[in-house]
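>>> curious how this folds, go ahead:
(chains A, B, C and D)
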There are 2 protein chains.
Amino acid sequence: MEKSSSITTFEEHLEKRYGQEGEEKRMAFEAKAKAFAIGELIKEERRLSNMTQEQLATKTGTKKSFISRIENGKSDIQLSTLYRILELGLGKKISFTIE
Amino acid sequence: MEKSSSITTFEEHLEKRYGQEGEEKRMAFEAKAKAFAIGELIKEERRLSNMTQEQLATKTGTKKSFISRIENGKSDIQLSTLYRILELGLGKKISFTIE
DNA sequence: TCTTTTGTTCCATTATTCGTTAACTTTACG
DNA sequence: CGTAAAGTTAACGAATAATGGAACAAAAGA
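All right, here's what the predicted structure looks like:
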């Protein structure tokens, strides 16, 4: 049985976009790791706030299935989505630092 | 003459997505402000690196027109795009802090 | 164990980014 | 000034995030 050719995971997406060689491969890995890390961050904050995925979804105008995908790093989300979840949903402030 | 109904700016996008009332309006404003802020950040770093938009575009596998859109906050970019520009393009490390 | 709640995955549809070209505008500089 | 370089904007197709629903899986509680 052949695997479906459609891209369903962030990992596959990155592999396709960045390829599999050298610097670009490393970049892809880091981007994936960061999506994961952000997902974990959201999950952690949500649990600290004693919320279910469904409650967070309702608060941010989406569905629990979407929250689940984000928390598991399976989607390459937009910045506004990140803000919406963290600020509107969890009441946190997020800031970027570049070094 | 009627204005086109298609959404072309991040501002319009947010207005449509979040509506125009109370908390949600505030959120939309802040998201817009952040897109702008990140664009400014990128522009600043690019100039410090003495690069043109075209050079940054080439380095990140895109075109100067896209870089321009990002720097002016006209696009709600994906996280992977943010990483690609800042890390692959400008050699910076980016980290998130939530408070 | 059984039941309920919570979380995950899959599918189809819609909306929007991304990539690109071309035309235009602004800035830099001779 | 005039010209070239740099930056902006619009428009388009293609790729894909966002969305909603449903079915399934896992965890929690009685």
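
>>> residue of chain A closest to DNA strand C, please.
Ranked by Cβ to the nearest atom of the strand, the top residue of chain A for proximity to DNA strand C is A:S65, at 2.9 Å. (Each C-beta comes from the backbone N, C-alpha and C, glycine too.)

>>> mind telling me what element that residue is part of?
Here A:S65 is covered by helix A:64-71, with elements defined by DSSP states H and E.

>>> hey, C-alpha coordinates of stretch A:81-89 in PDB?
C-alpha atoms of stretch A:81-89 as PDB (Å, rounded to 0.1, in the frame of the first residue of the first chain):
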ATOM      1  CA  THR A  81      -3.200  32.700  15.300                       C
ATOM      2  CA  LEU A  82      -0.400  32.600  17.800                       C
ATOM      3  CA  TYR A  83      -1.500  35.900  19.300                       C
ATOM      4  CA  ARG A  84      -5.100  34.900  19.300                       C
ATOM      5  CA  ILE A  85      -4.400  31.700  21.200                       C
ATOM      6  CA  LEU A  86      -1.900  33.100  23.700                       C
ATOM      7  CA  GLU A  87      -3.400  36.500  24.300                       C
ATOM      8  CA  LEU A  88      -7.200  36.300  23.700                       C
ATOM      9  CA  GLY A  89      -7.300  32.700  24.800                       C
END
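
>>> spell out which parts of chain A neighbour chain B.
Taking Cβ under 8 Å from any Cβ of the partner chain as the measure of proximity, chain A contacts chain B at A:14, A:17, A:23-24, A:27, A:30-31, A:34-35, A:38, A:41, A:45, A:76-80, A:82-84, A:86-88, A:92-99.

>>> just the C-alphas of stretch A:65-76, formatted as CSV.
Extracted C-alpha coordinates of stretch A:65-76, given in CSV (Å, rounded to 0.1, in the frame of the first residue of the first chain):
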residue,chain,number,x,y,z
SER,A,65,-9.4,19.8,16.8
PHE,A,66,-7.5,22.9,15.7
ILE,A,67,-6.1,23.5,19.2
SER,A,68,-5.0,19.9,19.3
ARG,A,69,-3.1,20.2,16.0
ILE,A,70,-1.4,23.4,17.2
GLU,A,71,-0.4,21.9,20.5
ASN,A,72,1.2,19.0,18.7
GLY,A,73,3.1,21.1,16.3
LYS,A,74,1.3,19.8,13.3
SER,A,75,0.5,23.1,11.8
ASP,A,76,2.7,26.0,10.6
